[in-house]
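Student: Turn this into a model:
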Amino acid sequence: MLRIKDTLISLDLIDRFFICDLDKCLGACCIEGDAGAPLTDEEYERLCELMPEVYPLLSPAAQKVVEEQGPGYYDEEGDLVTSLVDGRDCVFTTYAPGGLCLCALEKAHREGKIPFFKPSSCHLYPVRLREYEDFTAVNLHRWKICKCAEVLGRSKGVRAYQFLKDPLTRRFGEDWYAELCEAAEAYLASKKE
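Tutor: You can find the predicted model right below:
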């Protein structure tokens, strides 16, 4: 583990290679799993505010879920997560030809319709955060659906922390990310000795 400011970072974030390979996985992280994407209370409120702009981009089934329970719910563990359609698709999942999953929030943001990109947990994935009283744990979630991302990252020589520069900077700031890069380089150099 590395400690930077009030975070403890798993060395997997530095050791593992990673580049999302949407051509192969088709965005399976938007539809697989046992719950929706984790949300903060602020993100949930923001999603509720932005729903009028995003709602037309959703599937009819997703629109019905939003009407009935809103864009999020508390799962069995008591965590606030995005709502699901039929217990599977994130409510914001849309489909492109060939079955590629796309995020309606990201689409609306890129089209200039909303200022919000998407929940930080989605932007950070495969990083998962766990908040404790004195620190935040920064862990790399490994999942079979992301095997192709590890293969692509290794072939390009891109490590997970490098691929995730933008979301890590969004969440923790530029100074934190610069410190992470410095620590990662020192750690990787020490492994070569």
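Student: Mind giving me the packing neighbours of the helix ranked longest in the chain?
Tutor: Counting residues, the longest helix in the chain under DSSP state H turns out to be helix 174-192. Judged by 3 or more CB pairs under 8 Å, 6 or more residues apart in numbering; DSSP states H and E, the packing partners of helix 174-192 are strand 2-4, helix 12-15, helix 160-163, helix 165-172. Yep, even glycine has a C-beta here, placed from its N, CA and C like the rest.
Student: tell me the most buried of the ones you listed?
Tutor: Burial of those is given as mean neighbour count (mean count of other CB atoms under 10 Å); helix 160-163 ranks first at a mean of 22.
Student: hmm, who's touching the longest helix of the chain?
Tutor: 2, 4-5, 7, 9, 11, 14, 159, 161, 165, 168-169 (CB atoms under 8 Å, 6 or more residues apart in numbering).
Student: And these, which is closest to P52?
Tutor: T169 (29.7 Å; CB to CB).
Student: excluding its backbone neighbours, what's nearest the closest one?
Tutor: Spatial nearest neighbour of T169, excluding adjacent residues (CB to CB, 6 or more residues apart in numbering): Y177 at 4.6 Å.
Student: related to what we said a few turns ago, quick one, which of the contacts of helix 174-192 has the minimum pLDDT?
Tutor: Lowest pLDDT within these is found at L2 (91).
Student: what residues are up against it?
Tutor: Contacts of L2 (CB under 8 Å, 6+ apart): 8-9, 11, 14, 180, 183-184, 187.
Student: Just the buried subset of those, please.
Tutor: 8-9, 14, 180, 183-184 (16 or more other CB atoms under 10 Å).
Student: And those residues, which two are furthest apart?
Tutor: L8 and A184 (14.5 Å).
Student: picking that back up, put together TSV for the helices and strands packed on helix 174-192, with distance to P71 on each row.
Tutor: Listed next are those as TSV, based on distance: least, CB to CB, whole Å:
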stretch	distance to P71
strand 2-4	32
helix 12-15	29
helix 160-163	27
helix 165-172	20
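Student: For T82, which of these is the nearest?
Tutor: Nearest of these (CB to CB): helix 165-172, 16.5 Å.
Student: Kindly export that closest one (C-alpha atoms) in PDB.
Tutor: Extracted in PDB, the C-alpha atoms of helix 165-172 (Å, rounded to 0.1, in the frame of the first residue of the first chain):
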ATOM      1  CA  LYS A 165      -5.400  10.000 -14.700                       C
ATOM      2  CA  ASP A 166      -8.500  12.100 -15.500                       C
ATOM      3  CA  PRO A 167     -10.900  10.400 -13.000                       C
ATOM      4  CA  LEU A 168      -8.300  10.200 -10.300                       C
ATOM      5  CA  THR A 169      -7.500  13.900 -10.700                       C
ATOM      6  CA  ARG A 170     -11.200  14.700 -10.800                       C
ATOM      7  CA  ARG A 171     -11.600  12.900  -7.400                       C
ATOM      8  CA  PHE A 172      -8.400  13.800  -5.600                       C
END
